[in-house]
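Student: sequence-free structure coming up:
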C-alpha cells in the first residue's frame with residue numbers, strides 16, 4: 001500500500017490523538033500505558049481501516065480499541081483469561097460500540113485534552129522538557145523529529161523525554177474533574193506552554209530557521225485545538241491570533257544569506273495574507289469580549305503592524321498605548337524595552353533612551369537591550385557610546401543572525417568615523433593651511 005493510500009489514515013490519527021490519549025490517560029492513570037494503548041490502537045487502524053473504511057468517529061474507535069488492547073495485555077500479564085485475539089472482535093467497532101465510546105468520553109473530552117496538555121507542562125519540569133514532552137505525547141512527533149528541531153541527538157532527546165515522564169509519574173497527575181477556577185488556571189498554563197513551543201521555532205535564525213519552523217506550525221495547530229475546545233475564551237483567541245500574525249511574516253524575516261531583516265525593512269508582499277486574515281478576525285472577535293489579557297494585547301500590536309501596507313502607515317501612537325496597557329497587565333522590563341521602540345517613533349530617540357536607562361541593571365545580560373540602546377544612541381549622534389553598546393550586544397548575541405545584524409551597525413559607525421576621501425579631503429587640507 002502506498003503512502004498516498006494511507007495519508008488519510010495518518011491525518012485522522014494525528015487529529016484524534018489528543019482526545020484519544022487524553023481519554024486513555026484518564027482511564028489508566030498512567031502516561032506510558034495510555035501512550036502504548038494509543039499506539040496499539042493505531043496499528044489496528046492501519047490494518048483494518050484500509051479494508052473497512054474510516055469509522056464514524058475515529059477518536060471513539062481509538063479509545064475503545066486502545067482500552068481493549070491494554071486490558072488484554074494486563075490480563076495476559078496476570079495469566080488470566082485473555083480477550084479474543086480476533087481483530088474483528090475488538091477492533092472493528094460498529095455503530096453501537098462507537099456510540100458507547102461517545103457516551104463514555106464525549107462529556108469529558110475537553111477536560112481530557114486539557115489534562116493531557118497540563119500534565120505535559122508540569123511546573124517541576126524545565127521548559128525544554130515541557131516542550132519535548134508535549135510534542136511527543138500531545139502532538140505525536142517522533143523522537144527523531146523533536147531532536148532535529150532542538151539540534152540534539154536522538155539519544156539525548158529520548159533521555160530528556162524519559163526523564164520528563166519519570167518526573168510526571170513521581171509528582172502525580174490531577175485526575176479529578178477541575179472546577180471553573182482550576183480549569184481557567186490550567187488553561188493559562190497550557191497556553192503559556194504553547195507559546196513556548198512557538199517561540200522555540202520563531203527565535204531560530206540562519207540555518208536553523210527552516211529546521212525549527214515546524215515548531216511554530218505545531219504551536220498554531222495546538223492553539224487552534226485549544227480554541228475549538230474553549231471557543232468563548234478571548235485569551236485563547238488572542239493566543240491563536242498572535243501566533244498566526246507573527247508566523248505570517250516568516251517568509252520575509254530572513255535574507256537569502258540567513259541575516260535578519262527588521263520588520264520595517266521586510267517585503268510585505270511576502271507576508272501570508274490568509275494567516276493575517278485569520279489572525280485579524282480572531283483578535284477582533286476577542287476584543288469584543290472586553291476582557292483583555294496579555295495575548296490579546298500582543299496580538300492587537302501585531303495586528304497594527306499587519307494592517308499597515310507600508311512601514312510609514314504603522315500606527316506607532318496606538319502601539320505605544322497598547323504596550324502601556326501590557327505593562328499594567330504583565331509588567332516586565334522586556335515589555336518596557338519593546339515599548340521604547342514605539343516611543344522612539346512617536347516622541348524621538350531621547351525619550352526612548354530615557355525610558356530604558358532604568359532597565360540597565362535588570363537587563364545587563366540581555367542582547368536586545370544593548371542592541372536597542374545602541375540604535376537610539378546612534379540616532380542621537382552619540383556614536384562612541386553607541387559603539388560600546390553594540391560591542392556589548394554582539395558579545396551577548398544568541399545567534400549568528402543577531403551578531404550579523406549588530407555587526408552591520410558597527411560597520412556603519414566605522415564608516416561614518418573615517419575622514420572623507422577625494423575632493424572633500426583636499427578642500428579640508430587647503431582650509432587647514
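Tutor: Sure, I can see it. Being a predicted model, the structure only gives us computed values, none of them experimental.
Student: list the contacts for residue 58?
Tutor: For residue 58, the residues meeting the contact criterion (C-beta atoms under 8 Å, 6 or more residues apart in numbering) are 12, 13, 15, 16, 45. In short, each C-beta sits where N, CA and C put it, glycine included.
Student: which outside residues touch stretch 152-161?
Tutor: The contact list for stretch 152-161 (C-beta under 8 Å, 6+ apart) reads 128, 129, 132, 133, 136, 143, 144, 146, 147, 150.
Student: and if you look at stretch 133-149?
Tutor: By C-beta under 8 Å, 6+ apart, the residues outside stretch 133-149 that reach it are 13-14, 17-18, 21, 31, 35, 116-117, 120-121, 125, 132, 153-154, 156-158, 161, 164-165, 168, 193, 197, 200-201, 211-212, 214-215, 218, 221-222.
Student: cutoff 7 Å now
Tutor: With contacts defined as C-beta atoms under 7 Å, 6 or more residues apart in numbering, stretch 133-149 is touched by 14, 17-18, 21, 31, 35, 116-117, 120-121, 125, 132, 153-154, 156-158, 161, 164-165, 193, 197, 211-212, 214-215, 218, 222.
Student: equivalent analysis for stretch 401-409, please.
Tutor: Under the contact criterion C-beta under 7 Å, 6+ apart, stretch 401-409 has outside partners 205-206, 254, 258-260, 367, 371, 374, 378, 390, 393-394, 397.
Student: mind checking which of the contacts of stretch 152-161 are in strands?
Tutor: In strands, defined here by DSSP state E, there are no members of those.
Student: among those residues, name the ones in helices.
Tutor: When those are checked against helices (DSSP state H), the matches are 128, 129, 132, 133, 136, 143, 144, 146, 147, 150.
Student: of the residues you listed, keep whichever come out buried.
Tutor: 129, 132, 133, 136, 143, 146, 147, 150 (16 or more other C-beta atoms under 10 Å).
Student: same list, those residues, but as JSON lines with distance to residue 363 please.
Tutor: Formatted as JSON lines, these follow (distance: C-beta to C-beta, whole Å):
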{"residue": "129", "distance to residue 363": "27"}
{"residue": "132", "distance to residue 363": "28"}
{"residue": "133", "distance to residue 363": "31"}
{"residue": "136", "distance to residue 363": "34"}
{"residue": "143", "distance to residue 363": "36"}
{"residue": "146", "distance to residue 363": "31"}
{"residue": "147", "distance to residue 363": "32"}
{"residue": "150", "distance to residue 363": "26"}
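Student: run a quick neighbour tally on residue 414.
Tutor: The tally of other residues near residue 414 (other C-beta atoms under 10 Å) stands at 11.
Student: host element of it?
Tutor: Using DSSP states H and E, residue 414 falls within helix 400-417.
Student: rounded mean pLDDT for that helix, please.
Tutor: With pLDDT averaged residue by residue, helix 400-417 scores 87.
Student: can you mark which positions in that helix are buried?
Tutor: Using 16+ other C-beta under 10 Å as the test for burial, helix 400-417 gives 400, 401, 402, 403, 404, 405, 406, 407, 409, 410, 413.
Student: quick one: the helices in the stretch 301-433 of the chain?
Tutor: Along the stretch 301-433 of the chain, the stretches classed as helices by DSSP state H, counting those that start in this stretch are 316-329, 333-347, 349-356, 367-379, 383-396, 400-417, 423-432.
Student: packed most tightly, which of the ones you listed would that be?
Tutor: Per-residue neighbour counts averaged over each of the helices of the stretch 301-433 of the chain give the maximum for helix 367-379, namely a mean of 22 (mean count of other C-beta atoms under 10 Å).
Student: other SSEs contacting that one?
Tutor: The criterion is 3 or more C-beta pairs under 7 Å, 6 or more residues apart in numbering; DSSP states H and E, and the helices and strands that helix 367-379 contacts are helix 333-347, helix 349-356, helix 383-396, helix 400-417.
Student: quick one: closest of these to residue 297.
Tutor: When the helices and strands packed on helix 367-379 are compared by C-beta to C-beta, helix 333-347 sits nearest residue 297, at 9.6 Å.
Student: identify the residues contacting the closest one?
Tutor: Helix 333-347 is contacted by residues 316-317, 319-320, 323-324, 326-327, 351-352, 355-356, 359, 362-363, 368-369, 372, 376 when judged by C-beta under 7 Å, 6+ apart.
Student: ok, back up a step: with distance to residue 332 added, can I get the buried residues of helix 400-417 in CSV?
Tutor: Formatted as CSV, those follow (distance: C-beta to C-beta, whole Å):
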residue, distance to residue 332
400, 27
401, 24
402, 20
403, 25
404, 27
405, 23
406, 23
407, 28
409, 25
410, 28
413, 30
